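Q: Requesting a structural model of the entry that follows:
(one chain, ligands or ions: 2)
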Amino acid sequence: MNIKNSKRPFIIAGPCSAESEKQVLETAKQIASYGITVFRAGIWKPRTRPGNFEGVGSKGLEWLKTVKQETGMQLTVEVANTKHVYEALKAGIDILWIGARTSANPFAVQEIADSVKGMNIPVMIKNPVNADIDLWIGAIERFKKAGISNITAIHRGFSSYTKSIYRNEPMWRIPIELRRRMKDIPIICDPSHISGKRDLLQSISQKAMDLNYEGLMIETHINPDTALSDAKQQITPENLKELTDNLIIRHRKPTDANAPENIETLEELRTAIDEYDNIIFDYLKKRMDIAKNIGKVKKNSNITILQPDRWNEIMKNAVKKGNELGLSSKFVNTFFEAIHQESILQQTNIFNKTDKR
Ligand code: PEP
Ligand code: MN
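A: Residues are numbered from 1 along each chain as shown. Ligands and ions are numbered 1, 2, ... in the order given. Below is the predicted model of the structure:
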């Protein structure tokens, strides 16, 4: 597997889980007929709660050997401990991948890295479930230190408590930051686990391409509706073909030969800005809700809306903090003045509301 020098997008496809020899073989044959060269399948499945389908275990490796013999595809499975690594390597698995629950655990990552020390095996590392860039980078570094040179990062989104259209929030700014900090690590997107459902796969995959990702890992099943895990997000091989045919692949860099190497693209920078703007709005709303509650308390305690001492103190602290962060006093003043005006307006509305009691 040589993702860096391959034509974009480099595609990895296959079912969430291996379920039967027939299922993996039929899926693989069709995927291979489209020129896709790497087949994925989960053998040991990390489930949130026991009792759910936990994978077929080692016997699935035998089925995968047949896939390799019959299609010539390279194979990749998720490994979560040293026993998995041992069995996968014994079965001739070509590429290992570290799942999102495992990459969140440095002890587990270190053990797996030690078990492949000095070996010539490619490793793909999914982002940890929690939105912690250093944890992801740390997992990559552990494999680098173990002498693994062919490392790929997989972006599969992050757990979040807030309600969202995504199963896992993409938080594009995090892989963008990973790219900035580890320029030589290829990144592939796993839109299946980000979306959790079929209808978002195309747009997430397109976004990943616009952000210069090297490839995509997409869960593909010969009969998705009957899948034993992640049924809602898996697609048929035909749909996979349609999805990849519909992708628009733009130039990675300005065609200007003098353009600096590795410059972040406008799309990357704009995506990060948009996400931070959303975060600012989210916090402005939260702040305003609290200001309204303060309005109610002031009304009930019969005190005035404007409390100059308190406001002067907020402003003084804000300017100090802003200056420490390289923001001008003028900007901080204007920004907080606007927030304050809006708070006063909202509190005034509360004061003016006639009590129905
Ligand atoms: C998977 O790829 O099927 C899987 C379990 O992924 P993740 O580790 O991203 O949840
Ligand atoms: Mn899955």
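
Q: Please count neighbours and contacts with C-alpha atoms only from this point.
A: Noted.

Q: and the gap between the residue nearest the centre of the chain and ligand 1?
A: Among the residues of the chain, the one closest to the centroid is Gly157, at 2.4 Å (C-alpha atoms, centre = their mean). With distances defined as C-alpha to the nearest ligand atom, to the nearest Å, the gap from Gly157 to ligand 1 amounts to 8 Å.

Q: Check Ser229 too.
A: Ser229 sits 8 Å away from ligand 1, going by C-alpha to the nearest ligand atom.

Q: so that residue, which of the three states?
A: Ser229 falls in the coil class when you classify it by DSSP: H, G, I helix; E, B strand; the rest coil.

Q: mind listing what the nearest residue to the residue nearest to the centre of the chain once chain neighbours are set aside touches?
A: Using C-alpha to C-alpha, 6 or more residues apart in numbering and skipping the chain neighbours, the partner closest in space to Gly157 is Pro170 (4.3 Å). Contact analysis of Pro170 by C-alpha atoms under 8 Å, 6 or more residues apart in numbering lists His155, Arg156, Gly157, Phe158, Ile194.

Q: quick one, phi psi at Pro170?
A: Geometry field for Pro170 lists phi and psi as phi -70, psi -40, criterion degrees, to the nearest 10.

Q: where does it sit relative to Pro186, distance-wise?
A: 17 Å (C-alpha to C-alpha, to the nearest Å).

Q: And Phe10, by the same measure?
A: Note on Phe10: its distance to Pro186, by C-alpha to C-alpha, is 10 Å.

Q: Find the residues that touch each one of those two.
A: Looking at what touches both Phe10 and Pro186 (by C-alpha under 8 Å, 6+ apart), the common residues are Ile3, Glu214.

Q: For Leu178, see how far away Ala318 is.
A: The span separating Ala318 from Leu178 equals 30 Å under the rule C-alpha to C-alpha.

Q: Could I get the buried residue list for the helix or strand hosting Asn293?
A: Secondary-structure assignment from DSSP states H and E places Asn293 in helix 266-301. Applying a neighbour-count criterion of 16 or more other C-alpha atoms under 10 Å, the buried positions in helix 266-301 are Glu268, Thr271, Ala272, Met288, Ala291, Lys292, Ile294, Gly295, Lys296, Lys298, Lys299.

Q: hmm, back to that, check what pLDDT the residue nearest to Gly157 gets.
A: The model reports Pro170 with a pLDDT of 97.

Q: so where do the helices sit in this protein?
A: 21-32, 59-71, 82-90, 106-115, 133-145, 173-181, 191-195, 201-210, 237-245, 266-301, 308-324, 329-352 (DSSP state H).

Q: Would you tell me which of the ones you listed gets closest to Thr220?
A: helix 237-245 (6.0 Å; C-alpha to C-alpha).

Q: and the angle for the closest one with helix 21-32?
A: An angle of 30 degrees separates the directions of helix 237-245 and helix 21-32 when computed by axes from the mean of the first three to the mean of the last three C-alpha atoms, to 10 degrees.
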